[in-house]
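Novice: fold the following.
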Amino acid sequence: MSIDIPAGRYAIDPVHSFLQFATRFVGARVRGRFSGLSGTLEIAEDLAKSSVQAQIDVATLSTGVGERDDHLRSADYFDAASHPVATFASNGLVADGDRFLLAGDLTIRGTIRPVELEVRFTGDGEDQTGTFRMGFTASGRVSRSAFGVNGNVSKVGGPLLIGDATDITLELQATRES
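Specialist: Reported below is the predicted structural model:
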């Protein structure tokens with residue numbers, strides 16, 4: 001199956017893009033999101049040569065609970081004061097049917113780790129102002145402790161209450177640069 005994605009340079013639209021995360025906390029999944037995304041997509045004629053550079057404003061983290069959000073931004077977790085931006089830089093793209101596998105380096109708290117995201121192209125077209133846009137959904141799983149996001153609580157001698165595996169999902173919209 002061939003997907004027609006128009007080549008060009010695109011800017012991530014921060015108004016229509018976000019990164020959502022979910023992790024276990026005492027048996028339930030806690031979800032949150034980062035709304036401050038920026039960056040560029042370079043879509044090449046040969047899609048395998050395409051690239052993504054993205055920045056995530058850690059201060060935009062929101063779980064809907066202010067006290068928890070402040071704690072997650074603290075040095076116990078993301079340490080937003082010392083590391084206000086997380087980044088992603090791709091280094092490989094492989095087509096796999098109607099999806100793509102995007103490899104890259106994710107940097108959180110100054111720690112760089114390789115990650116792989118499953119990406120799906122969700123469509124394109126001109127908006128009401130004539131701006132050409134395209135959309136993507138990407139998902140993957142990361143180990144929060146691999147990035148030094150270690151904050152956890154437990155009863156003495158008991159199990160850790162917060163899971164290490166964190167699922168991430170990006171909803172991304174990008175606009176063609178002139």
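
Novice: flag every buried residue along the helix or strand hosting residue 141.
Specialist: Assigned by DSSP states H and E, residue 141 falls within strand 132-143. Neighbour-count burial for strand 132-143, counted by 16 or more other Cβ atoms under 10 Å, picks out 132-136, 138, 140, 142. (C-beta placed from N, C-alpha, C; glycine too.)

Novice: same deal with stretch 22-34?
Specialist: Quick answer for stretch 22-34 (16+ other Cβ under 10 Å): 22-24, 30, 32-34.

Novice: repeat that for stretch 40-53.
Specialist: So, applying 16+ other Cβ under 10 Å, buried residues of stretch 40-53: 41, 43, 47, 50-52.

Novice: now those in TSV, with secondary structure and distance to residue 66?
Specialist: Below are those laid out as TSV (DSSP: H, G, I helix; E, B strand; the rest coil; distance: Cβ to Cβ, whole Å):
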residue	secondary structure	distance to residue 66
41	strand	33
43	strand	39
47	helix	42
50	coil	39
51	strand	37
52	strand	32
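
Novice: nearest to residue 68 among these?
Specialist: Proximity of these to residue 68 (Cβ to Cβ) peaks at residue 52, which lies at 29.6 Å.

Novice: after the strand holding residue 141, heading C-terminal, what element do we hit next?
Specialist: Next in sequence after strand 132-143, counting helices and strands by DSSP H and E, comes strand 162-176.
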